[in-house]
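> here's my sequence, what's the structure:
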Amino acid sequence: MKKDLGLYIHIPFCIKKCAYCDFLSWSGDKDQKEEYVRDLEQEIRSYKTFAADYQVSTVYFGGGTPSILETGQIERIMGALRQTFRIEKKAEITLEMNPGTARKEKLKAYRQLGINRLSIGIQSVKNENLKLLGRIHTYEDFLESYHMAREAGFDNISGDLISSLPGQTLEEWKEELEILIRTPLEHLSVYQLIIEEGTEFYERYGEHEELLPDEETSREIYLWTGEYLENQGFRQYEISNYARAGKESRHNLRYWERKDYLGLGLGAASMIRNMRMSNTRDWKKYRTGCRDPRKIREEVEFLEEPRQIEEFMFLGLRKTRGVSRKEFRRTFGKDLDLIYEKTLKKYLENGMLQESGDRIFLSEEGILLSNQIFADFLFD
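Residues are numbered from 1 along each chain as shown. Down below sits the predicted model:
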């Protein structure tokens, strides 16, 4: 029986680097994009022997902005994937796009290629906030892209939003979400702004935290978001993700459930049979080595059982349904309550963790302190 696999394909190009972004991306010219697609095709085909043992149930095009590639280039990548891997008929195939980067013809072509889910980088419904974030689109561009996607036949559309922007109040955030919800989406990812080193925002706000919402405001924003979206028919299934029934991101769940996935493209990460590794971020090295995955792999690490257990806990607890004692025993042959006796006792007693039957999960207050709690599940 073939093993289940997810594929992540990294497209590093974008029209303009956003002020908050620390992802591996840049604005590339036409020749660079064509060179990259050729290299990516070579890397995909180099996995022919490996692919024989797997069937693919999820594919995710991320970036960067995959939708800025030409339709024919996406078609070539999909062709290489289908020639190399056995992709299930009902596989979830997601493509990230930014408003204004795909016209109706391109969206129709995506559907014909089997892409059945879009993740649109909305980030804000207020044009002044989009300008602050360094986005090149407007809210009106999003609405146009959304309607074109529906006309092209997409019935599974996700949107990304960023909260806790500089100077943002709870009332302003409420207005944002209430406006967005008028445009029906199947899925929402809501991320609180994090100021990352090396970004334009770090230069502006890294030493001026007083310009950002304080901890209490961010807390109120987070709690109100979950309550409001639940009333609008969304279920929170992960710390930052909300979905209508049956529309959870199957690919992203793979990460939190520690299922195998293969990263393809510059800087893409993989996790195969408890082996974590990444492709090089050096394009010159990637170009010369893309025909042999061994030549472009970096940070290769086999996770011994203690690391596997740690990941089972801190990734699994990101999901609102938490972790299963039975699954822990089935995976490791050990009793979860014995391994983490003191940690579980501490957080169950103070209410940061809750339990229901077989499952242990973060409480609402626990989610707000999740990083601190996750740290306590690491072994010394």
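> so what pLDDT did residue 206 get?
On the pLDDT scale, residue 206 is placed at 56.
> any idea which helix or strand comes after the top strand by length along the chain?
Once the chain is assigned using DSSP state E, the strand that runs over the most residues is strand 86-97. As assigned by DSSP states H and E, the chain's next helix or strand after strand 86-97 is helix 104-112.
> ok, back up a step: direction included, what does the longest strand of the chain pair up with?
strand 54-63 (parallel), strand 117-123 (parallel) (DSSP bridges).
> that strand to helix 104-112, inter-axis angle?
Angle between the axes of strand 86-97 and helix 104-112 is 150 degrees (criterion: axes from the mean of the first three to the mean of the last three Cα atoms, to 10 degrees).
> need the contact partners of strand 86-97.
Strand 86-97 has contacts (Cβ atoms under 8 Å, 6 or more residues apart in numbering) with 2, 51, 54-67, 74, 81, 110, 114-121, 145, 158, 249-251. (C-beta placed from N, C-alpha, C; glycine too.)
> list the buried ones in that strand?
By 16 or more other Cβ atoms under 10 Å, the buried positions in strand 86-97 come out as 87, 91, 92, 93, 94, 95, 96, 97.
> for residue 98, give its distance to residue 145.
Applying Cβ to Cβ, to the nearest Å, the value for residue 98 to residue 145 is 8 Å.
> more neighbours: those two, which one.
Counting neighbours by other Cβ atoms under 10 Å for residue 98 and for residue 145 shows that residue 98 has the greater number, 28 against 25.
> what is the burial count for residue 368?
By the criterion of other Cβ under 10 Å, residue 368 has 18 neighbours.
> chain neighbours aside, what residue packs nearest to it?
The shortest distance from residue 368 to any non-neighbouring residue, by Cβ to Cβ, 6 or more residues apart in numbering, is to residue 219 (5.8 Å).
> got a list of contacts for the helix or strand harbouring the one you found?
Residue 219 belongs to helix 215-231 when assigned by DSSP H and E. With contacts defined as Cβ under 8 Å, 6+ apart, helix 215-231 is touched by 163-164, 168-170, 173-174, 177-178, 181, 188, 190, 192, 213, 236, 242, 364, 367-368.
> out of these, which sit inside strands?
Using DSSP E, those in strands are 163, 188, 190, 192, 236, 242.
> setting aside sequence neighbours, what's the nearest residue to the last one?
Computed as Cβ to Cβ, 6+ apart, the closest residue to residue 242 that is not its neighbour in sequence is residue 234, at 4.0 Å.
> right, and that neighbour touches residue 245 too?
No - applying Cβ atoms under 8 Å as the test, residue 234 and residue 245 come out as separate, 9.3 Å apart.
> of the two, which one has the most company?
Just comparing residue 234 and residue 245: by other Cβ under 10 Å the higher neighbour count belongs to residue 234, 22 against 9.
> ok, that one to residue 100 distance?
To residue 100, residue 234 is 26 Å away according to Cβ to Cβ.
> for residue 379, see how far away residue 327 is.
20 Å.
> show me which of those two is the more surrounded one.
residue 327 (15 against 9).
> help me confirm that that one is found in a strand?
No - Residue 327 is assigned helix when assessed by DSSP: H, G, I helix; E, B strand; the rest coil, not a strand.
> just to revisit the earlier point, between the helix holding residue 219 and strand 187-192, how many degrees?
Using the same axes, to 10 degrees, one finds that helix 215-231 and strand 187-192 are set 170 degrees apart in direction.
> report the mean per-residue pLDDT for helix 215-231.
94.
> using PDB, list the CA coordinates for it.
Presented in PDB, the C-alpha positions along helix 215-231 are these (Å, rounded to 0.1, in the frame of the first residue of the first chain):
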ATOM      1  CA  GLU A 215      -0.800  43.100  25.000                       C
ATOM      2  CA  GLU A 216      -4.400  43.600  26.400                       C
ATOM      3  CA  THR A 217      -5.700  45.000  23.100                       C
ATOM      4  CA  SER A 218      -4.100  42.100  21.100                       C
ATOM      5  CA  ARG A 219      -5.700  39.700  23.600                       C
ATOM      6  CA  GLU A 220      -9.100  41.300  23.100                       C
ATOM      7  CA  ILE A 221      -8.700  41.300  19.400                       C
ATOM      8  CA  TYR A 222      -7.900  37.500  19.400                       C
ATOM      9  CA  LEU A 223     -10.800  36.500  21.700                       C
ATOM     10  CA  TRP A 224     -13.400  38.600  19.900                       C
ATOM     11  CA  THR A 225     -12.200  37.200  16.500                       C
ATOM     12  CA  GLY A 226     -12.900  33.600  17.600                       C
ATOM     13  CA  GLU A 227     -16.300  34.500  19.100                       C
ATOM     14  CA  TYR A 228     -17.400  36.500  16.100                       C
ATOM     15  CA  LEU A 229     -16.300  34.000  13.500                       C
ATOM     16  CA  GLU A 230     -18.000  31.200  15.400                       C
ATOM     17  CA  ASN A 231     -21.300  33.200  15.300                       C
END
